[in-house]
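1. Okay, predicted coordinates and the sequence, questions at the end:
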Amino acid sequence: MKKVIIVGGGLAGISAAIHLVDKNYDVVLIESSAQLGGRAKSFFDDEWGCYIDNGQHILINAYTNTIELIKKIGAEKFFDFRDDFEITFRDKNLNEWRLKVSESSNLIFEIFKFQNLNFIEKLFLIYFFVKLKYINIEQYHEFDTYSFLKQNFQTENVINNFWRLVVESALNTSLEQSSAKVFLSTIKKMFLESKSNANIILPKKSLHESLINPAENFLNSKGVRIIKNYVVNEIKTQENVVSEIKSNSGETISGDYFILAVHPSMIGRLIKNFAVDLNYQTIINVHFKLENQTYKNKFFALWNSEIHWAFFHENILTAFKSSANDLLSLTNDELVSIFIDELIQYFPELRNDLTKIRRNKSDYRIIKIKRATFMSDIASTKSRPKIFTDYKNLFLAGDYIETGLPSTIESAVFSGKMVAEKIISNA
């Protein structure tokens, strides 16, 4: 039985392990921290008595590889598979409207019902989606998204209040920096290839409880050896083959194949002459403990806001902003004030609770995910590596691999599957 050593217990490593163990490989999954999950992990808050996610996660039906993994490990019951893509927008005047895409809905009619856009803006938004069906996306590989939208008659109102929210949430990259090619391929896949592609899938609890823990239980049941708190600091090679890995405590593990499913910044420390020139962006989440809110299990896209989304869970309000490098220099007090000021404008009925939280400096948790994802800018898109290395039995996995997808859970899961299939095909 061939032995595969996977370094990195995030979703890419988990995905590779699941696909390999299905084909009777002896799999060892190594994680440097105390729990699996990587950047998709959660932490248990003793004071609040619940798990809190690193970030708020939204999956869609186009995540075919992630859905396959969820089904493999028997975790479907932990997810809410919706039969449509429905987003509720709210503005500072407390107006609400919905954008709904489903098998029975028509995107053109939905756009005409959109508030805060004038008739001409709606026409040109429809024009954009009609044109998208026919354009050759490859010709826009040197365009940024903002320039493309301006060329296609999108006004500043539409760009700043609709497209900015959509693009920065999906790509974690600003309109001015994001690749038009990546943007167009993402929108086309979601809304035009199949109406069901955009259907929303939400974890019913934290991602740890919904996905990571079931995956770990599945791997344990299949005999995968999972080693935590193991920091790899050396890869030993002979000519063009990896022979073993070595931890900072001196322990070595040998194998037939090796997979590095770690952040690309770590790989350069382990492989000579390896460098990936990627730019990164931050995501900032602020969780508020609210006992008496009335929006349980609803979420809102905030129109013309510094914050992109507000998710209401059972007793927690999670607000977050993608593409947030510009906020990293702020103190926690400054960040909380920005988030609370914005939320009060959109949900004035929460003023007393949020003001109390600000005054007491309690009942909130700030999670800054620096280098949360690589940016889908033109330079980074060109720099994404393949799964191969200079060593014939060493492969790379992670959302940054050239999967044809932006930096998402689906890209990470798909990369792990790609590597597993390559190793299986070599057998």
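-> Noted; the coordinates are in hand. Numbers count the residues shown, from 1 in each chain.
2. low pLDDT regions in the stretch 201-350 of the chain?
-> Low-confidence segments of the stretch 201-350 of the chain (pLDDT under 70): 297.
3. Strands along that one, start to end?
-> 225-227, 232-238, 241-247, 252-254, 257-260, 280-289, 298-302, 309-312, 316-321 (DSSP state E, counting those that start in this stretch).
4. neighbours around K204, how many?
-> By the measure other C-beta atoms under 10 Å, the count of residues near K204 is 11. Any C-beta I mention is one placed from the backbone N, CA and C, and that applies to glycine too.
5. So which of the strands of the stretch 201-350 of the chain is nearest S425?
-> Nearest to S425 among those is strand 257-260; the distance by C-beta to C-beta comes to 11.9 Å.
6. Direction included, what does that closest one pair against?
-> Applying DSSP bridges, strand 257-260 is found paired with strand 3-7 (parallel), strand 394-396 (parallel).
7. Can you spell out which helices and strands pack onto the following helix or strand past the shortest one?
-> In this case it means strand 394-396. As assigned by DSSP states H and E, the chain's next helix or strand after strand 394-396 is helix 409-426. Contacts defined by 3 or more C-beta pairs under 8 Å, 6 or more residues apart in numbering; DSSP states H and E place helix 409-426 against helix 11-21, helix 64-72, strand 257-260, strand 394-396.
8. just to revisit the earlier point, any chance of the strands paired with strand 257-260 in a markdown table, plus mean neighbour count, distance to S174 and mean pLDDT?
-> Shown next, in a markdown table, are these (neighbours: other C-beta atoms under 10 Å; distance: least, C-beta to C-beta, whole Å; pLDDT from 0 to 100):
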| stretch | mean neighbour count | distance to S174 | mean pLDDT |
| --- | --- | --- | --- |
| strand 3-7 | 25 | 32 | 98 |
| strand 394-396 | 25 | 27 | 97 |
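9. These: which one's closest to D363?
-> For those, proximity to D363 was assessed by C-beta to C-beta; strand 3-7 is nearest, at 38.2 Å.
10. Convert the closest one to CSV, retaining C-alpha atoms only.
-> What follows is strand 3-7 as a C-alpha-only set of coordinates in CSV (Å, rounded to 0.1, in the frame of the first residue of the first chain):
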residue,chain,number,x,y,z
LYS,A,3,1.9,6.0,1.7
VAL,A,4,0.9,9.6,1.2
ILE,A,5,2.0,12.3,3.6
ILE,A,6,-0.2,15.4,3.5
VAL,A,7,1.2,18.5,5.2
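11. now it: how far from the chain's centre is it?
-> The chain centroid and the centroid of strand 3-7 are separated by 25 Å, computed with C-alpha atoms, centre = their mean, to the nearest Å.
12. How about stretch 314-329?
-> Centroid separation for stretch 314-329 versus its chain: 14 Å, with C-alpha atoms, centre = their mean.
13. Stretch 89-109 now?
-> With C-alpha atoms, centre = their mean as the basis, stretch 89-109 stands 23 Å off its chain's centre.
14. For that stretch, buried residues please.
-> 89-91, 99-102, 107 (16 or more other C-beta atoms under 10 Å).
15. farthest-separated two in these?
-> Pairwise distances across the buried residues of stretch 89-109 peak at 23.8 Å for D91 and S102 (criterion: C-beta to C-beta).
16. hang on, the earlier thing: in strands, which of the buried residues of stretch 89-109 fall?
-> Judged by DSSP state E, the buried residues of stretch 89-109 include 89-90, 99-101 as members of strands.
17. quick check, nearest of those to D46?
-> For those, the residue nearest D46 by C-beta to C-beta is R90; the value is 33.2 Å.
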